[in-house]
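Q: Coordinates only, no sequence provided:
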Ligand code: BTN
């Protein structure tokens, strides 16, 4: 593993001093530049001791988005991957995405008073534009599994530098700089995200209460009642989004009034 350059270690020292979390951020890697924090975290062993490790790059050269897309990641954004060694069934994996997006929305509110809206399964919007995306990779090797949760938050950058890639998503990009009118301290923001994530994660593990997470997620979303097109595999489904069930699946009412359950990892566009 290469030795960090000086400004990477200043970043790391400031963050370590600030963090009050028990597990998340216990081990921190910071790079000035990396192809992808997700690839780096995926390449680390599936080892229980790595639970809570975070990998941050000031800039990514080959950032990865969902469904094989590129994630444009210039300097100024928050590009971070978090390793989770799950203590729960892999069927509950969608909750790590919910926990991640709730934590980001809470942290953005804490630091800017901006209310983000959540879009299923894992987008975070401000004024109907995408400010953050979350990518989940699952690594399974023998019995030990590792989840890598990648957070890409357009913080102190211009949306003009990233908008092109989003054409397929029917969404435009925005940034904290543009919505808040100011830059935000990335270290303080990371600290808030990790604190909120640990809070939701511990809560989820201790009472297994997925309903509370689903309810909180629903409060922060304005998707309900909207018409949407969902790509369920190759099949296009049109309908009205009516609810999430307790397993995190999205429920849609189709034109024939039947209810269709959309399981995790479909692509949604609102209309
Ligand atoms: C999406 O397509 O909405 C998810 C984007 C996730 C981007 C983040 S940035 C940090 C981590 N490293 C990557 O290469 N991708 C994720």
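A: Everything's here; your move. Keep in mind it's a predicted model, so treat the numbers as computed, not measured. Residues are numbered from 1 along each chain as shown.
Q: can we go C-alpha only for contacts and neighbour counts from here?
A: Noted.
Q: could you pull out the helices for the stretch 151-271 of the chain?
A: Using DSSP state H, counting those that start in this stretch, the helices of the stretch 151-271 of the chain run over 176-180, 186-207, 210-219.
Q: Using CSV, please lay out the ones you listed together with distance to the ligand, mean pLDDT and mean neighbour count.
A: Below are the helices of the stretch 151-271 of the chain laid out as CSV (distance: least, C-alpha to the nearest ligand atom, whole Å; pLDDT from 0 to 100; neighbours: other C-alpha atoms under 10 Å):
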stretch, distance to the ligand, mean pLDDT, mean neighbour count
helix 176-180, 15, 98, 18
helix 186-207, 13, 93, 18
helix 210-219, 17, 87, 17
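Q: Pull up the gap between residue 140 and residue 149, please.
A: Distance, residue 140 to residue 149, by C-alpha to C-alpha, to the nearest Å: 14 Å.
Q: Looking at those two, which has the bigger crowd around it?
A: Between residue 140 and residue 149, counted using other C-alpha atoms under 10 Å, the more crowded position is residue 149 (23 against 11).
Q: Go ahead and confirm that one touches residue 79.
A: No. Taking contacts as C-alpha atoms under 8 Å, residue 149 lies outside contact range of residue 79: 10.9 Å.
Q: which intervals of the stretch 51-200 of the chain have sub-threshold pLDDT?
A: 141-144, 164-169 (pLDDT under 70).
Q: In the stretch 151-271 of the chain, what residue lies closest to the ligand?
A: Across the stretch 151-271 of the chain, the shortest distance to the ligand (C-alpha to the nearest ligand atom) belongs to residue 152, at 3.6 Å.
Q: Just give the number of residues close to that residue.
A: Look at residue 152: counted by other C-alpha under 10 Å, it has 23 neighbours.
Q: swap in the one 3 residues further on?
A: Counted with other C-alpha under 10 Å, residues neighbouring residue 155 total 28.
Q: right, and it touches residue 180 too?
A: No. Using C-alpha under 8 Å, residue 155 is not in contact with residue 180; the gap is 9.7 Å.
Q: Contact residues of the stretch 101-250 of the chain facing the ligand?
A: Taking C-alpha under 6 Å from any ligand atom as the measure of proximity, the stretch 101-250 of the chain contacts the ligand at 133, 134, 135, 150, 151, 152.
Q: 8 Å instead, please
A: 122, 123, 132, 133, 134, 135, 149, 150, 151, 152, 153 (C-alpha under 8 Å from any ligand atom).
Q: So which of the residues you listed are in helices?
A: With DSSP state H as the criterion, helices contain none of those.
Q: still on that earlier bit, please state the backbone phi and psi of the nearest residue to the residue of the stretch 151-271 of the chain closest to the ligand once chain neighbours are set aside?
A: Distance criterion C-alpha to C-alpha, 6 or more residues apart in numbering; nearest residue to residue 152, sequence neighbours excluded, is residue 79 at 4.9 Å. Main-chain dihedrals, residue 79, degrees, to the nearest 10: phi -120, psi 110.
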